[in-house]
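Chemist: got a sequence here, can you model it:
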Amino acid sequence: MPSDSILERWVDDGLTHQEMVDRIREQFDTTVSKSAVAAALSRAGLTNRVRYDTHIPWTPIRPDHARSYPLSMLRLMARRDAGLDLTEPQTARLDSWLERLQRENAVVDYQYDHADGFVYRRRKRGDLEHPPIRPPR
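Modeler: Numbering: from 1, shown residues only. So this is what the prediction gives:
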């Protein structure tokens with residue numbers, strides 16, 4: 001199992017238990033179960049943190065897409081909506097990003113097989129205003 005600090009970073013990045021299982025397999029060449037990940041998170045005191053599933057409803061997310069800008073902004077939005085403090089630079093980036101989406105009448109969509117993963121689409125009926133996403137079909 002990765003160190004508590006690695007697990008904490010993954011939790012902060014909004015990875016699901018399955019995504020952590022996948023990362024462990026890829027980075028540490030070992031297989032663990034989702035329940036083992038859950039137990040490790042509990043032991044490390046990393047449970048009951050921000051849930052991102054309303055802002056990031058797509059699963060799974062490819063590991064090479066995990067650091068994309070739209071995903072980072074959706075995580076910040078989820079943290080702010082949960083009442084957690086953001087730094088001034090985080091707040092400025094998030095507000096600027098949201099203004100851009102509003103100005104361009106756009107939402108975030110995710111396509112697992114797309115090279116970039118997260119893409120901007122013109123808003124249409126069925127897209128969510130808050131968070132500004134196209135939910136999975």
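
Chemist: so where's the protein shaky on pLDDT?
Modeler: Within the chain, the ranges that satisfy pLDDT under 70 run 48-50.

Chemist: thought Thr47 was touching Leu41?
Modeler: Yes. Judged on C-beta atoms under 8 Å, Thr47 makes contact with Leu41 at a distance of 5.5 Å. To be clear about C-beta, it is placed using only N, CA and C from the backbone, and glycine gets the same treatment.

Chemist: which of those two has more residues huddled nearby?
Modeler: Neighbours per residue, other C-beta atoms under 10 Å: of Thr47 and Leu41, the larger number sits with Leu41, 21 against 10.

Chemist: just the CA coordinates for stretch 22-35, please, in PDB.
Modeler: Backbone C-alpha positions of stretch 22-35 (Å, rounded to 0.1, in the frame of the first residue of the first chain) are rendered in PDB as follows:
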ATOM      1  CA  ASP A  22      -5.600   1.200 -10.700                       C
ATOM      2  CA  ARG A  23      -2.800   3.600  -9.700                       C
ATOM      3  CA  ILE A  24      -1.400   1.100  -7.200                       C
ATOM      4  CA  ARG A  25      -1.400  -1.600  -9.900                       C
ATOM      5  CA  GLU A  26       0.300   0.700 -12.400                       C
ATOM      6  CA  GLN A  27       2.800   2.500 -10.100                       C
ATOM      7  CA  PHE A  28       3.600  -0.300  -7.600                       C
ATOM      8  CA  ASP A  29       3.000  -3.400  -9.800                       C
ATOM      9  CA  THR A  30       0.800  -5.000  -7.200                       C
ATOM     10  CA  THR A  31      -2.900  -5.700  -7.000                       C
ATOM     11  CA  VAL A  32      -5.100  -4.600  -4.000                       C
ATOM     12  CA  SER A  33      -8.900  -4.600  -3.500                       C
ATOM     13  CA  LYS A  34     -11.100  -1.500  -3.100                       C
ATOM     14  CA  SER A  35     -11.800  -2.700   0.400                       C
END
